[in-house]
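>>> Have a look at this prediction, sequence included:
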Amino acid sequence: MSKNLYHILGVSKDATEAEIKTAYRQLARKYHPDVNKDNKDAADKFKEISAAYDILGNKEKRQKYDNNEIDDEGRPTGFGAGFGGGNTGGGTYYNYSTGGNPFGDGAQGFDFSSIFGDDIFSQFSGGGQSRGFSGFSSGARRPRKGADISYSMRVDFLSAAQGAEKKVNLGGKAVNVKIPAGTTDGQTLRLRGLGQPSPNGGENGDVLITINVDKHPYFEAQGLDIHLELPISFKEAVLGGKITVPTISGKVNVNIPPYSTSGEKLRLKGKGIKNQSGVGDEIITLKVVTPKIKNEALEKALASMSDEKIRSF
């Protein structure tokens with residue numbers, strides 16, 4: 001018995017491509033076998049709407065169906081398309097009962113992420129692999145995702161460490177890109193759905209942005225920690241003192257212990273990178289800088305000091 005494919009999808013014959021696609025997605029959500037466990041009627045309905053969309057969702061097949069060149073199963077009718085099975089006379093059709101695939105690229109089953117997006121139903125897609133359902137053949141046409149587009153972006157060190165929002169031009173369109181705190185050099189950000197459109201009704205591709213982080217004159221990131229080499233004078237090393245030092249979130253005062261030596265480390269808790277992974281510290285490595293200008297008073301003071309054993313060899 002002949003079926004009206006427009007009635008199956010609940011749309012009129014003059015429905016637009018977008019209206020047909022929307023109707024199909026709504027019905028696919030409702031009758032999907034994974035949300036209708038052990039319900040053969042739902043599985044049969046899902047098969048029926050998928051078969052209808054395979055024809056009405058394809059511009060060329062829809063035109064042939066409207067012209068009565070193919071029937072509701074995609075088989076040539078003989079009116080303007082020739083007789084016989086398969087694609088004789090240009091009447092390409094898809095045999096659901098045998099699971100044949102007219103696309104020639106080895107694709108099997110649906111990419112359900114194009115139906116359900118990134119919500120809970122995306123688990124049904126199985127990473128693009130086919131899944132068998134009771135009463136449903138896995139050979140239905142799979143909408144292909146559009147191509148991804150790659151860009152690169154330079155980001156200053158503090159923006160990458162603290163996080164920032166940058167406005168960029170992607171294909172003539174201004175887009176706000178969120179740089180997560182702790183972004184590292186070479187890391188790739190994915191903007192879903194902003195890539196090339198699908199060639200056959202699937203979801204758009206993504207935009208992939210590779211981040212190039214500029215080096216900082218004195219900060220270095222290691223994980224969530226920020227490292228800083230701090231030069232101190234000979235006097236500060238011996239007598240100690242309070243010094244103002246930079247952090248990625250502003251300047252703070254640090255106490256230098258008396259008789260400090262090069263290589264000693266000070267830790268500023270919580271002054272590193274803060275993101276969902278945790279909070280880092282700022283690690284300060286002291287570097288004692290001896291005076292470059294002649295200082296007779298210093299020389300006399302040092303000469304009067306007793307020698308201190310600092311070597312073990």
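Done, it's in. Numbering: from 1, shown residues only.

>>> Point out the other helices and strands that the helix ranked longest in the chain packs with.
Using DSSP state H, we find that the single longest helix of the chain is helix 40-56. If you count contacts as 3 or more CB pairs under 8 Å, 6 or more residues apart in numbering; DSSP states H and E, helix 40-56 packs onto helix 5-9, helix 17-31, helix 59-66. C-beta here means a position set from N, CA and C on the backbone, and glycine is covered the same way.

>>> Spatially nearest residue to the residue nearest the centre of the chain (excluding sequence neighbours)?
For the chain, residue 190 is the residue whose C-alpha lies nearest the centre (CA atoms, centre = their mean; 3.2 Å). Nearest residue to residue 190, sequence neighbours excluded (CB to CB, 6 or more residues apart in numbering): residue 206, at 5.2 Å.

>>> mind listing what that neighbour touches?
Contact analysis of residue 206 by CB atoms under 8 Å, 6 or more residues apart in numbering lists 148-149, 190-195.

>>> Going C-terminal from the lowest-mean-pLDDT helix or strand in the chain, what's the next secondary structure element?
Every helix and strand of the chain was ranked by mean pLDDT, DSSP states H and E. The lowest is helix 113-116, at a mean of 43. Downstream of helix 113-116, the first helix or strand assigned by DSSP states H and E is strand 149-155.

>>> can you tell me the average pLDDT over that next one?
Across strand 149-155, the average pLDDT comes to 91.

>>> If you count contacts, what does it end up packed against?
By 3+ CB pairs under 8 Å, 6+ apart, strand 149-155 packs against strand 164-170, strand 207-213.

>>> Report the buried residues of the helix or strand just after the first one.
In this case it means strand 164-170. Downstream of strand 164-170, the next assigned helix or strand under DSSP H and E is strand 173-179. By 16 or more other CB atoms under 10 Å, the buried positions in strand 173-179 come out as 177, 179.

>>> got the CA coordinates for strand 173-179 in CSV?
Output of strand 173-179 as CSV, limited to C-alpha atoms (Å, rounded to 0.1, in the frame of the first residue of the first chain):
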residue,chain,number,x,y,z
LYS,A,173,31.7,37.3,11.4
ALA,A,174,32.8,38.8,14.7
VAL,A,175,32.8,36.1,17.4
ASN,A,176,33.7,36.4,21.1
VAL,A,177,36.2,33.6,22.0
LYS,A,178,36.6,32.7,25.6
ILE,A,179,40.2,31.9,26.6
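
>>> Starting from that strand, tell me which strands it pairs with and how they run.
Pairing partners of strand 173-179, with direction, according to DSSP bridges: strand 164-170 (antiparallel).
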